[in-house]
Each structure stands twice: as structure tokens, then as C-alpha cells.
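Enquirer: one predicted model, sequence on top.
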Amino acid sequence: MFAKITLVFLSIFLVACNNNDDAEQQDCSETICTLNFVTITVNIKDASGEAIALDSYVVIDNATGEDLASDLNGEEYQYLKEQGFYPIISDANRVQYQNSTATLTFKGVIDNEEVINETYEVGADCCHVSLINGNNEIVLE
């Protein structure tokens, strides 16, 4: 009998202490983060494994319509394009998506034709962005 009463009180105590208020943002002011700069990319290649160079691409935040595609300088963009890597989101966007998730759409164009239309779910904590769902390797046929 004592065990049952103890179990009931313990259960009430645990439920009362559980404060999962989703609307409340986590305070990041005292969080210690690594110095790593995280960039989520998509790798685009053909069936033989060769990198595909897109003529252009956009990364659209489905909620706001904002294009998040990085403003890379010519050398950076050329190198990534040759390797078939395209940034989706980076820690530069961390504050914008901190403690939340977002749905992004990656669209790639070759010869004025949209060849890629992929959806990604991303998020960010106090320190870094992360890929929650989405294909980070695309093979074009």
C-alpha cells in the first residue's frame, strides 16, 4: 500500500515539474557553442557519379518566400559548382531559425529548365543549423 501511495505522489510531482512550454524560446545567452561554422549542402551528380553544374539555383523559405541562396563570390561559387555542392542553409541563418523549424525548397536550373525541386525541413538551436529531413544527395538521370 505504501508503494502505491508513493508512486502516486511521485507521478504527481513529475507531472507538476514538467514545464514544456513550446511557445517559450530557449535562452541562449549563456550557451557555449563550438566555433564550427555549419553549412547544410546538397550534392548533385549524374548516374555515373560526376558532379552536375547548375546554371542557377534558389533556396526558398516556404513560409516567407525569401530566397536564402548564398551570395557567394565568383571563385567560391565556381568551385562549389564544379564539385556539385550547393548550400541550402548555414549558421549565417541560425538566428532567423533559432529554436524552430522551417520548410525550404531547393530549385535548380539547367538551360532555363527546372531540373530539381526538392523540399527540406531544417532547424536551428542556440549554436548551429541542422537538417531534419531532406535528400542531401541528388542523382540526375
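Expert: Right, received. Where do you want to start? Residues are numbered from 1 along each chain as shown.
Enquirer: which residues of the protein fall in strands?
Expert: Applying DSSP state E to the chain gives strands spanning 39-46, 56-61, 85-90, 100-110, 113-124, 129-133, 137-140.
Enquirer: what about K45, neighbour count?
Expert: K45 has 16 neighbours, counted by other C-beta atoms under 10 Å. Using the backbone N, CA and C atoms, a C-beta is placed for each residue, glycine as well.
Enquirer: my guess is it meets V139, correct?
Expert: Yes: if you go by C-beta atoms under 8 Å, K45 and V139 touch, sitting 5.9 Å apart.
Enquirer: apart from its neighbours in sequence, what residue is nearest E118?
Expert: F106 (4.8 Å; C-beta to C-beta, 6 or more residues apart in numbering).
Enquirer: apologies, that question was intended for E114.
Expert: E114's closest residue in space is K107 (C-beta to C-beta, 6+ apart), at 5.7 Å.
Enquirer: got the contact list for the most centrally placed residue in the chain?
Expert: The chain has V122 as the residue nearest its centroid, 2.8 Å off, counting by C-alpha atoms, centre = their mean. Counting by C-beta atoms under 8 Å, 6 or more residues apart in numbering, V122 touches 40, 88-89, 97, 101-102, 104, 129-132, 134.
Enquirer: neighbours around the residue nearest to E114, how many?
Expert: 17.
Enquirer: quick check: it vs N43, distance?
Expert: 16 Å (C-beta to C-beta, to the nearest Å).
Enquirer: quick revisit: partner residues bridging the residue nearest to E114?
Expert: Beta-bridge partners for K107, by DSSP bridges, are V58, N117.
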